[in-house]
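Enquirer: Any chance you could fold what I've pasted below:
(chains A and B)
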Amino acid sequence: MRVLDPVKISYRNLMANKFRSFLTILGIVIGVGAVIVIMAVGQSAQALILDQIKGIGSNLVGVLPGASDEKGPPAQAMGIIITTLKYDDFLALTDKKNVPEVELGSAYVQGTQTATYKGNDFSIALMGVTHHYVDVENVEIEKGRFFTPDEDMNLSRIVVLGATTKTDLFGTDDPINKKIKIKNENFTVVGVAKEKSSSGFGVSGPNESIMMPLRTAQKIILGIDHLSFLRLKIGNVDEIASAKENVSRTMRIQHDIKTSADDDFSVRDTASALNMLTNITDVLRYFLLAVGSISLIVGGVGIMNIMLIAVHQRIREVGLRKAVGAKNSTIMLQFLIESATITLVGGLIGIILGILTALLISVIITNFFGYDWKFIVSIESVMIAVSVSVAIGFIFGIYPARIAAKISPMEALRYE
Amino acid sequence: MSNLIQVKNLCKTYESEGVSTRAVCGVSFEIAKGEFVSIMGPSGSGKSTLMQMLGFLDRSSEGDYFFDGRNTNNFSDDELAEIRNEKIGFVFQTFNLLPRTTVFENVELPLLYDKKFSENNTEKVLQALRSVGMEHRKDYFSNQLSGGERQRVAIARALVNDPSVIFADEPTGNLDSKSGTQVMKILQKLNDEGHTVILVTHETFTAEHGKRIIKMVDGSIVLDQPIINRRFAVDGELLK
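Expert: Numbering: from 1, shown residues only, chains lettered A, B, ... in the order given. All right, here's what the predicted structure looks like:
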C-alpha cells in the first residue's frame, strides 16, 4: 500500500463532509493556534523583561537589605520594608580596601511622589541616588548636568528629570533652572536624562523617574535614613564572583554578623537576576502553555469522536477492503493516518492563524503601548505544534482505528 | 485433477445472547479447478454463510477446509487476508464499490494490498476493465454508473489479481434482467477462460448457468450434481 493512499482517502472523506470536517479541524486549529500565540507572546514578554536587565549592564552587583534565597525574589519585592542597609555600608563597599574589584557604585532610595509644575500634578517615581548613578547605569545627560559629589550629602534641592517625566511636566518647554514642587518643597531642575531604550515595566529605569541627591530624598522627602538598595559596578566581569564574596564579607563586618545564615542582606548580580527572572517567566510561560494544551486535548477528543463516527459510517468500506486483502494492521494504519492528516491540517492552519495573531498583538503593543516588543515565533514552537498535532491524531485515533481493524469482514459487509 | 477446495464436515454456529444457531452443519464436498458451481437454496439455508467460509471472510466452527491442498484452519488473520488478496475475487449483490472513487481506483484496490506491488498495475486494471467492457468508463466515479455497470466494475475488481476462484454472491439480485444477463455472460466467459466460479443464488434460472449445482436446505446439502441442461447467457435474452 502506498503511503499517500490513506492521505488521499482522508482528503476525500474530509471533502465529502465539509462542515463536519471544518468543525473537527476547528478544535485542533484553536488548540494549536492558542499554543503558538501563548509561546510567542510569552517569549516576547520574556525578551522584553530580560532586555531591561541587560540594559542596566551585566557587570553590576546589587546589595539589597534582608536575606533571601539566591533563586527567589528579594524580601523587598514582597512589600516588606527593611531598614538595615545604611549609607555607611555603601561607603565601606565602595572602599577599594574592602572590595578591590569595585570601580564605583551608587546608593538608592525609592518612593512614589507627586510632582507639580504650573498647577499640573504628576505621579512620579522618585529616586534618591548618589553622583555615580549615571556611570553605574550608563545613563546619559541630554541637557544640563548631573549631581556633583558634594551635592550627595548637602541637602541641595535639585533634581534631574527622566525623559518621560520631562515631557509630562514641561511638554516642549526648557525645564532647566525651572522650579517644580514635590511635597510642598521647591526643587530646581538642573538636568534632563536622555531616554534609555530599556524602558517599560519591571526594573524602574530613569525615563519615568525624577532623580535627586540621596540625602535630599532621604531627609526632605521620605524621612528615612536607610537605603533601598545599592549597586556596584565591577571593572572586570570575570571578577563578579570574587567581588560578591568581598561584598558579603564586608557587609558581615559592618553588621557584626558571624555566619552567612544570619545575613541581613542579599547580594545579587545582574547575571543571577537574569537567571531568576528567566526562571519566573519560564514558569509563567509553561503554565500558560499547559492551559493552552487543554484546548488541544479537547480538540483531540473531538477527533476521536469523529473518527468513531467515521468507522461506523464506513464499516462496509472496511469490510470490502478486508475482503480484497487488506490486513488488520493496514486498516488500522489507514485510520491512524486519516486522523493524523486531519490534525496535521488543523495544526498547519492553527500555526498560520497563531502566527498572524501574535503578529497582530505585537503590532498593537508596539504602536499603542509603546513597548519595545519584539515579534518572536521560534522554530521550536512551530515544530512542537506540528508534532503535537500529529501525535494527537495518532493518540486519539488509536481507539477508533483499533475498532475498525477488529471488524470481521463478513459482519462489516452485512452491515446496513 | 487436483482439488482447489476440499471441505470436510464444515459447521458454523452463531452465538447470539447465549442462544447458538447452526447456520451450516456437516457439509463436505470438493471443487476442482475450472468448475462453475452454483450454490442454491432458499434464504436461511446457509448458502451465504457457506460462501463466506469458503471465501475466508469468516471462520468455520468445526470441520476442515483445505484450499490448494493446505488446511486453512489454523491460518492467522493476516494469512487469510493474503489468500483473499491473491487467490480470491468477490462479487457482491450490493456491488460494494467505494463511493467518491473512480472506476479505475476501485478496480485497482486489491493491487494496493498486494505485497508484490508493481508499477505496471495500470495495465492490469485496464485489462480487467476491458474484459468486462468498462474501459471507457475508467475515469467515472462509481456513483455515476448504472447498477449493471457497477456490477461489471465489481467483477473487474474481482478479476484484477487473476484469482483462483471468483465468488459471486447473488450478483444479479439487484439488477434488471438485461444487466443480469450481461453479468452472467461475463461470469461464463471468465469460467471458459479457466477461472473457477462459485455462484450463490436463490434463483433456479440463474443457478442453471453453472456446470454443477449444490442445493442447500437448513444448513445441509440436499443435492450435489452436474447441471444437465446448462443455460448460456446471450445478449438480448432476459434473465427471468
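Enquirer: wait, what's in contact with residue B:213?
Expert: B:37, B:38, B:40, B:207, B:223, B:224, B:225, B:226, B:227 (Cβ atoms under 8 Å, 6 or more residues apart in numbering or on different chains). From N, CA and C alone the C-beta is placed, and that goes for glycine too.
Enquirer: what sits opposite it in the beta ladder?
Expert: residue B:38, residue B:225 (DSSP bridges).
Enquirer: So residue B:44: helix, strand or coil?
Expert: coil (DSSP: H, G, I helix; E, B strand; the rest coil).
Enquirer: before we move on, the earlier item: now for the contacts of residue B:213, which pair is the farthest apart?
Expert: B:40 and B:226 (13.6 Å; Cβ to Cβ).
Enquirer: Looking at those two, which has the bigger crowd around it?
Expert: residue B:40 (24 against 10; other Cβ atoms under 10 Å in any protein chain shown).
Enquirer: Setting aside sequence neighbours, what's the nearest residue to that one?
Expert: residue B:207 (4.4 Å; Cβ to Cβ, 6 or more residues apart in numbering or on different chains).
Enquirer: And residue A:15, by the same measure?
Expert: Spatial nearest neighbour of residue A:15, chain neighbours left out: residue A:21 (7.5 Å); criterion: Cβ to Cβ, 6+ apart.
Enquirer: What residues sit buried inside the helix or strand containing the one you found?
Expert: Taking DSSP states H and E as the criterion, residue A:21 maps to helix A:18-56. Buried residues in helix A:18-56, counted by 16 or more other Cβ atoms under 10 Å in any protein chain shown: A:21, A:24-25, A:27-50, A:52-53, A:55-56.
Enquirer: Next: stretch B:61-76.
Expert: In terms of neighbour count (16+ other Cβ under 10 Å), stretch B:61-76 has its buried residues at B:61, B:63, B:65, B:66, B:67, B:72, B:75.
Enquirer: Over to that stretch now: how far is its first residue from its last?
Expert: 15 Å (Cα to Cα, to the nearest Å).
Enquirer: hmm, that stretch touching chain A?
Expert: No: applying Cβ under 8 Å from any Cβ of the partner chain, one finds stretch B:61-76 separated from chain A by no less than 9.7 Å.
Enquirer: Tell me how far that stretch lies from the chain's centre.
Expert: 19 Å (Cα atoms, centre = their mean, to the nearest Å).
Enquirer: Now do the SS call for residue 64.
Expert: Since you didn't name a chain, this refers to chain A. strand.
Enquirer: Please refer instead to chain B.
Expert: strand.
Enquirer: how about the residue lying closest to it once chain neighbours are set aside, what does it touch?
Expert: Leaving aside its sequence neighbours, residue B:64 sits nearest to residue B:8 (Cβ to Cβ, 6+ apart; 4.6 Å). Neighbour list for residue B:8: B:28, B:63, B:64, B:66 [criterion: Cβ under 8 Å, 6+ apart].
Enquirer: so which strand or helix has residue B:8?
Expert: Per DSSP H and E: strand B:3-16 holds residue B:8.
Enquirer: Show me which positions of that strand end up buried.
Expert: Buried-residue list, strand B:3-16, by 16+ other Cβ under 10 Å: B:3, B:4, B:5, B:6, B:7, B:10, B:11, B:12.
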